[in-house]
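Novice: Whatever this is, show me its structure:
(one chain, ligands or ions: 1)
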Amino acid sequence: MTWLLTGGAGFIGCHVLRSLRSSGRDVVVFDDLSTGLADRVPDDVPLIRGSVSDQALLEETMREYKIAGVIHLAAKKAVAESVAKPLWYYQENVGGIESVLAAMVNCEVGAMVYSSSAAVYGEPETSPVREDICLAPISPYGETKLVGEWLTRDVALGSGISWTALRYFNVAGAGHPELGDPSVANLIPIALRSVREGKSCQVYGNDYETPDGTCLRDYIHVADLAEAHTAAAALTEANQVGLPINIGTGSGSSVLEVLDSIGRALEREVDYEIVARRPGDPPALVAAADQAREVLGWSAQYDLDDMTASAAAAAGLRA
Ligand SMILES: NC(=O)c1ccc[n+]([C@@H]2O[C@H](COP(=O)([O-])OP(=O)(O)OC[C@H]3O[C@@H](n4cnc5c(N)ncnc54)[C@H](O)[C@@H]3O)[C@@H](O)[C@H]2O)c1
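Specialist: Take a look at the predicted model:
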């Protein structure tokens, strides 16, 4: 079967691409290269350069390559940017998936794996977070991801598309040194940048109700995340599924534990300073991972030290 991978030149997409190919599936990448890099796409994989808002180009691609399913990752993902540019986020993320779904319906493509986010939960009062708790995103980014889930669910209901939405927790690490995350929006790349620049890393608050007072997050290795997509592709090919699934490890690491782990990877201590809490940071955000195990038959294989070591290697800070 051939899968269309939107955003396949991005950080997560290039790992998903490799996992899908290892499973024996053919892949066509559709990407506007706005944040993606063409050289992450192997030469023997077709790369269609275009925006997912271009429904005509999507349909042409789906027909030409006889696409059986879509993994839709193409989106803008920076929370702060989404607060500054909400219209653009709705156009890109909601307009994007609307166009992809419309093309799928017209071309009778029957399977969809949608890239969602733990941002749909906002600031949940309980942790681990189950998929069925009340959803209350607190940023335009999180809202666009949630609207994308609703749109997928509603279109699927009317057209018979088999779908799942994967709600990723904190994605980190690199499957290969050349496939690291170049953005500095997450703790591990931010801390590695601080080390490179000889600065201390800022820790936002150490007075939370957590074991060491710093925030707990569920870090998931991007290579594990990629395997979850392949499991989701297999499931949607075979079954009439239709539900969102958390993709996390089910256990949390504190900010200080992450900095310790980076220290082990670099064989030196990471300097940090405690600063004021940031608004909108829940004390703990950890996935309930049982649905991923039961429905997808997937669970994480890598631990935090694997993530920090591979991220440090990708950042050129260790061999
Ligand atoms: N990285 C994370 O921690 C994280 C967490 C939760 C969810 N996600 C979601 O995962 C997906 C991929 O994230 P990533 O970290 O790989 O980001 P990324 O920026 O590296 O990748 C996004 C890819 O989509 C492409 N793209 C963006 N807008 C497009 C458009 N309109 N048309 C065609 N291509 C377009 C970009 O060029 C890029 O290749 C996003 O949907 C994001 O919301 C990421």
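Novice: Can you give me the buried ones in stretch 1-19?
Specialist: Judged by neighbour count using 16 or more other Cβ atoms under 10 Å, the buried positions of stretch 1-19 are 1, 3-19. No exception for glycine: its C-beta is placed from N, CA and C like everyone else's.
Novice: If you could redo that for stretch 287-297, that was the one I meant.
Specialist: 287-289, 291-292, 295-296.
Novice: and what of stretch 272-286?
Specialist: Quick answer for stretch 272-286 (16+ other Cβ under 10 Å): 272, 282-286.
Novice: From the buried residues of stretch 287-297, which land in strands?
Specialist: In strands, defined here by DSSP state E, there are no members of the buried residues of stretch 287-297.
Novice: just checking, which of those residues belong to helices?
Specialist: Counting by DSSP state H, the buried residues of stretch 287-297 place Gln291 in helices.
Novice: just checking: which of the buried residues of stretch 287-297 also lie near the ligand?
Specialist: Counting by Cβ under 6 Å from any ligand atom, nothing from the buried residues of stretch 287-297 sits close to the ligand.
Novice: Any chance of the buried residues of stretch 287-297 in CSV with pLDDT and distance to Trp163 as columns?
Specialist: Supplementary listing: the buried residues of stretch 287-297 in CSV, determined by pLDDT from 0 to 100; distance: Cβ to Cβ, whole Å:
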residue, pLDDT, distance to Trp163
Ala287, 98, 20
Ala288, 98, 20
Ala289, 97, 20
Gln291, 97, 15
Ala292, 98, 16
Val295, 96, 13
Leu296, 96, 13
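Novice: what's the following helix or strand after whichever helix or strand Gly148 is part of?
Specialist: If you go by DSSP states H and E, Gly148 is part of helix 140-159. Sequence-wise, the next helix or strand downstream of helix 140-159 (DSSP H and E) is strand 162-168.
Novice: now what about the helix or strand following that next one, what contacts it?
Specialist: Of the helices and strands lying after strand 162-168 in sequence (DSSP H and E), the nearest is strand 170-172. Identification of contacts with strand 170-172 by Cβ atoms under 8 Å, 6 or more residues apart in numbering yields 11-12, 118, 181, 186-188, 217-222, 225, 248, 307-308, 311.
Novice: which of those come close to the ligand?
Specialist: Answer for the contacts of strand 170-172 near the ligand (Cβ under 6 Å from any ligand atom): 11-12, 186.
Novice: want to throw those into JSON lines with secondary structure, pLDDT and distance to Glu123?
Specialist: JSON lines is the format used below for those (DSSP: H, G, I helix; E, B strand; the rest coil; pLDDT from 0 to 100; distance: Cβ to Cβ, whole Å):
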{"residue": "Phe11", "secondary structure": "helix", "pLDDT": "96", "distance to Glu123": "26"}
{"residue": "Ile12", "secondary structure": "helix", "pLDDT": "98", "distance to Glu123": "24"}
{"residue": "Asn186", "secondary structure": "coil", "pLDDT": "88", "distance to Glu123": "18"}
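Novice: Dump these into TSV; add distance to Leu73 as well.
Specialist: Shown next, in TSV, are those (distance: Cβ to Cβ, whole Å):
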residue	distance to Leu73
Phe11	9
Ile12	6
Asn186	16
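Novice: a markdown table for the buried residues of stretch 272-286, including secondary structure?
Specialist: Listed next are the buried residues of stretch 272-286 as a markdown table, based on DSSP: H, G, I helix; E, B strand; the rest coil:
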| residue | secondary structure |
| --- | --- |
| Tyr272 | strand |
| Pro282 | coil |
| Pro283 | coil |
| Ala284 | strand |
| Leu285 | strand |
| Val286 | coil |
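Novice: Show me which of the residues you listed has the smallest pLDDT value.
Specialist: In this model, the minimum pLDDT among those belongs to Pro282 (88).
Novice: ok, that residue to Tyr121 distance?
Specialist: To Tyr121, Pro282 is 8 Å away according to Cβ to Cβ, to the nearest Å.
Novice: How about Val222?
Specialist: 21 Å.
Novice: Same check on Val28?
Specialist: Counting by Cβ to Cβ, the gap from Val28 to Tyr121 is 32 Å.
Novice: Would you mind listing what in this structure touches the ligand?
Specialist: The chain comes close to the ligand at residues 6-7, 9-13, 31-36, 51-53, 73-77, 92, 96, 115, 117, 168, 171, 186, as judged by Cβ under 6 Å from any ligand atom.
Novice: just the buried members of the residues you listed?
Specialist: Judged by 16+ other Cβ under 10 Å, buried ones among the residues of the chain next to the ligand: 6-7, 9-13, 31-32, 35-36, 51-53, 73-77, 92, 96, 115, 117, 168, 171, 186.
Novice: From those residues, which land in strands?
Specialist: Members of those lying in strands (criterion: DSSP E): 6, 31, 115, 117, 168, 171.
Novice: OK, contacts around the fourth one?
Specialist: Which is Ser117. 77, 141-142, 145, 167-168.
Novice: try 10 Å this time
Specialist: Residues counted as contacts of Ser117 (Cβ atoms under 10 Å, 6 or more residues apart in numbering) are 75, 77, 79, 137, 141-142, 144-146, 148-149, 165-169, 171, 247.
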